[in-house]
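# predicted model and sequence follow; I will ask about them next.
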Amino acid sequence: MIHMHAPDWQVRTEPRGVLLVARPLADTAVDRRTQRRLRQQDLSRTHLLDAAEEIFGSRGFALATLKEIAELAGFAVGSVYLFFPSKEELFRHVWLRRGTEFMPGMAAALDPSETADVLARMLRLVDFQVGFFRARPAFGRLYLRFTGTADAAHGVTVDPSVQLRFDEAMRMQADLFAEGQRSGVFRDGDPAVLSRIFSGIVHGYQSLDPAVMSDDPTAGERLPLPSLHEIVEGAFTR
């Protein structure tokens, strides 16, 4: 007889059929402790990445220290090394985390199954990119700092996959321009060049976006988003 109040069960396949076998109580307790420990590790790692993003974004890579990152996260500095062996590795994982989030959102914004209108998809991409930084202002500041000259002079590098994602993003935008040119909506020109110009316009807007760059939560937009739409539409449509 199988007592269904047993604490845990394993499915085991044997020649005579599938058996439901009770797992020992000790094994079940170990599994649960392991799950709790892994959840706690994930939470601690997330806290460290959040703190690193904040410090790197405000102070840059060269001036940031693991000590202040650990303090902001609520850890002893030695705890950082349990998750990341160096400041460089921590910096790398900040970028990897956000890149993993960014690319699916960009693909969704450009998804032709939502609308075949290439201009609508371009404006949706504008909204996504601006909104991505507004939802993650510390990373927005880090990105804008790193893509300028502040950290370049210190020879800071990020994971090669970050460059691959950037190249893929430029290709996706260029594909949209090429599609729009074929349909007679977008102006002529090398789609790869137009893609870079598009990113430059959005980057310029983001670099002065109070929602990302200001510490004042009451700061309003310096240029409303609909105005950015008009600029983009005027720049790229026939």
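Happy to help now that I have it.
# contacts and neighbour counts: CA atoms only from here.
OK.
# export only the CA atoms of the strand or helix carrying Phe128, formatted as CSV.
Phe128 is located in helix 118-135, with elements delineated by DSSP states H and E. Output for helix 118-135, consisting of C-alpha atoms alone and laid out as CSV, is shown next (Å, rounded to 0.1, in the frame of the first residue of the first chain):
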residue,chain,number,x,y,z
VAL,A,118,8.1,49.8,-40.1
LEU,A,119,7.8,53.3,-38.7
ALA,A,120,5.6,52.1,-35.8
ARG,A,121,8.2,49.5,-35.0
MET,A,122,11.0,52.1,-35.1
LEU,A,123,9.1,54.3,-32.7
ARG,A,124,8.4,51.3,-30.5
LEU,A,125,12.1,50.6,-30.5
VAL,A,126,12.7,54.2,-29.4
ASP,A,127,10.3,53.7,-26.5
PHE,A,128,11.9,50.4,-25.5
GLN,A,129,15.4,51.8,-25.4
VAL,A,130,14.5,54.9,-23.5
GLY,A,131,12.3,52.9,-21.1
PHE,A,132,15.0,50.3,-20.6
PHE,A,133,17.4,52.9,-19.1
ARG,A,134,14.6,54.6,-17.2
ALA,A,135,13.8,51.3,-15.5
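# quick one: the strands in this protein, in order.
For the chain, the strands defined by DSSP state E cover 9-14, 17-22.
# just checking, what packs against the helix holding Phe128?
With contacts defined as 3 or more CA pairs under 8 Å, 6 or more residues apart in numbering; DSSP states H and E, the secondary structure elements packing on helix 118-135 are helix 87-109, helix 137-146, helix 160-182, helix 191-207, helix 210-213, helix 225-236.
# for those, give me TSV that also has mean pLDDT and mean neighbour count.
Supplementary listing: the helices and strands packed on helix 118-135 in TSV, determined by pLDDT from 0 to 100; neighbours: other CA atoms under 10 Å:
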stretch	mean pLDDT	mean neighbour count
helix 87-109	94	16
helix 137-146	91	22
helix 160-182	94	17
helix 191-207	97	17
helix 210-213	92	21
helix 225-236	97	14
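# export those helices as a markdown table, with columns for distance to Asp127.
Written out in a markdown table, the entries for the helices and strands packed on helix 118-135 read as follows (distance: least, CA to CA, whole Å):
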| stretch | distance to Asp127 |
| --- | --- |
| helix 87-109 | 9 |
| helix 137-146 | 15 |
| helix 160-182 | 14 |
| helix 191-207 | 10 |
| helix 210-213 | 14 |
| helix 225-236 | 8 |
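# please identify which of the ones you listed is closest to Phe128.
For the helices and strands packed on helix 118-135, proximity to Phe128 was assessed by CA to CA; helix 87-109 is nearest, at 6.9 Å.
# list of residues touching the closest one?
Taking CA atoms under 8 Å, 6 or more residues apart in numbering as the criterion, the residues outside helix 87-109 that touch it are 49, 52-53, 56, 61, 65-66, 84, 121, 124-125, 128-129, 132, 139, 158-159, 161-162, 165, 169.
# how far away from the center of its chain is it?
With CA atoms, centre = their mean, to the nearest Å as the basis, helix 87-109 stands 4 Å off its chain's centre.
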